[in-house]
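Student: Build me a model:
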Amino acid sequence: MKVLVNRHSIFLIVVFSPLMSLAQHWNSLQKGLNNAVNVLYTDSSTELLFVGGRFSYVDSMKIRGIAVWDGEQWDSLGGGIDNHYQSYPQNVFTICRYHNKLYVGGGFTKAGDIFTKYVATWDGQKWDSISMRFNGSVNHIMVYEDTLYMCGSFDSVGSLNSNSIIRYDGVNWTSIDFPNVGPVYSMQFYQDDLYVVGVFDDSSGNLHRISKWDHHNWSNIGEGILGSLADPSCFALYDDKLVVGGIFKKSDGNAGNNLQHWDGTNWLDLGGGTGGQNGRVWDMFSVGNYLWTGGTFSSAGNIPADKIARWDGNQWCGLGSIFNNSITSVTFYDDTLYIGGGFWIIDEDTLNYIAKWMGGDFVDTCSIVSGILQSIPNNINYAVHPNPASDYLYISFEFPQSTKIFVTITNLTGQKFVAETITAATPVIDISTLSSCIYFISIQTENGSVMQKFIKQ
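Tutor: Below is the predicted model of the structure:
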């Protein structure tokens, strides 16, 4: 949350647009998919959006594991991805173009009619295998300086011993001698060095979650990413910094919660990171002045932001929508925000596992600073739970129990249903008489006000 610190004057406002229907801001892609999306890949060469996951139907058509969207309609890729041993398609985790072919990685063993473990290529007409055989899944594929890099859960590729990472220059496959053992989830080059995240052990059995390769040697990054349950899973480049996302806690010694960035020397917080019962960040996408994040979080920088949030270098903004499951991939296609994941409902509308944003520059909640108020805390730390809720809403505060809190609940048209004063000692609101709908709860104290959306079941 952006807060202007001044000894004499701090005033926090959260801005919102309660009278607008949020459902109209997301559009489905025809009938969508029948199962989760893992990856969205915008291919600038063909101006197409490729979608990978574990689905078997797209817009009621039998399309397995991978599909392509041209902005108006869906199409298949030659029979798609399947698993030779199971009737249900296995996961596609990553898609990347290299030398006029799409390289697709995941946990599958078949592409079209070709038996190929974990990696396949698509030339626009047909599937093919590659010359090397992987013995474990491929989690991420990327290109840097005309070289293809792959990482995953393998330890050999063909006859090469190659722990979790390998590269291909268009002719030869070579190992880069990753010294650790364990899965690597994602890679990113920053200041010409290769950074990787995962959960891997060194030769002494010490657990690491991030490492750097300078083209000669591997090394740790500062104190790394700390915590026994820490699980970093994605990278982004933003404002000349390397941003790492996943699930990890500041209380374990990290710079931030679920998000932090590296400037080449130090780890730094990113606006307070994300939070919630599970604050994980699954994916990030940097475009223009913004960093978009998707995951399972319910807040960003202490403002309500369900599953998706936007960082502009100074403050977080949420879009106001409520998702019934996680967002695992974020991208821009044709200058439009697209998201994919495990969700199938957005703001009580059915949008099956993929959606595009039609709200333009609209944001529902952003933290800004304005005005004058004497001697108040820097922000309002609160949580409203459960969400969705049936009979009661509970509000958690970091204020003295005697603090008076004025609460109002309105619907999307602004009609008021609850207006009462409570204290931090008894922060319970009876909503049992409300109809099933989306509502806004406004929380006001002498320190400022916040508003967020909730679903009454």
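
Student: Any stretches of the protein with poor pLDDT?
Tutor: Residues of the chain meeting the criterion pLDDT under 70: 1-24, 84-88, 367-382, 397-399, 401, 412-414, 447-448.

Student: Name whatever forms a beta bridge with the residue nearest the centre of it.
Tutor: By Cα atoms, centre = their mean, the chain has its centre lying nearest to residue 294, at 2.5 Å. Residue 294 has these beta-bridge partners by DSSP bridges: residue 283, residue 308.

Student: Could you report the separation of it from residue 338?
Tutor: For residue 294, the distance to residue 338 (Cβ to Cβ, to the nearest Å) stands at 10 Å. C-beta: built from backbone N, CA, C; applies to glycine.

Student: list the residues that contact both of these two?
Tutor: residue 330 (Cβ atoms under 8 Å, 6 or more residues apart in numbering).

Student: and the chain, what are its domains?
Tutor: 12-368, 380-456 (automatic domain parsing).

Student: Give me whichever of those is most buried.
Tutor: Of all the domains of the chain, domain 12-368 has the most neighbours on average by mean count of other Cβ atoms under 10 Å, namely a mean of 19.

Student: give the contact list for the residue nearest to the centre of the chain.
Tutor: Residues in contact with residue 294 (Cβ under 8 Å, 6+ apart) are 281-284, 307-308, 326-330, 339, 341.

Student: What of residue 95?
Tutor: Counting by Cβ under 8 Å, 6+ apart, residue 95 has contacts 39, 41, 50, 52, 66, 102, 103, 104, 105, 141.

Student: List the contacts of the helix or strand harbouring the fourth one.
Tutor: Which is residue 52. Element membership for residue 52 (DSSP states H and E) is strand 48-53. Strand 48-53 has contacts (Cβ under 8 Å, 6+ apart) with 33, 35-43, 58, 65-71, 81, 91-95, 102, 104, 106, 331, 333, 338, 340, 353-354.

Student: try 7 Å
Tutor: Contacts with strand 48-53, where a contact means Cβ atoms under 7 Å, 6 or more residues apart in numbering, come from 33, 35-43, 65-70, 91-93, 95, 102, 104, 106, 333, 338, 340, 354.

Student: My understanding was that residue 432 contacts residue 391; is that so?
Tutor: Yes: taking Cβ atoms under 7 Å as the definition, residue 432 is a contact partner of residue 391 at 4.3 Å.

Student: Quick check: residue 434 vs residue 226, distance?
Tutor: 43 Å.

Student: One more: residue 255?
Tutor: Where residue 226 is concerned, residue 255 sits at a distance of 10 Å (Cβ to Cβ).

Student: again, but for residue 297
Tutor: Using Cβ to Cβ, residue 297 is found at 19 Å from residue 226.

Student: just residue 81 next, same as before
Tutor: Taking Cβ to Cβ, one finds residue 81 at 37 Å from residue 226.

Student: Over to residue 29?
Tutor: Where residue 226 is concerned, residue 29 sits at a distance of 40 Å (Cβ to Cβ).

Student: before we move on, what about residue 235?
Tutor: Distance of residue 235 to residue 226, computed by Cβ to Cβ: 18 Å.

Student: rewinding a little: farthest-apart pair in the contacts of residue 95, please.
Tutor: Greatest spacing in the contacts of residue 95, by Cβ to Cβ: 66 and 141 (13.4 Å).
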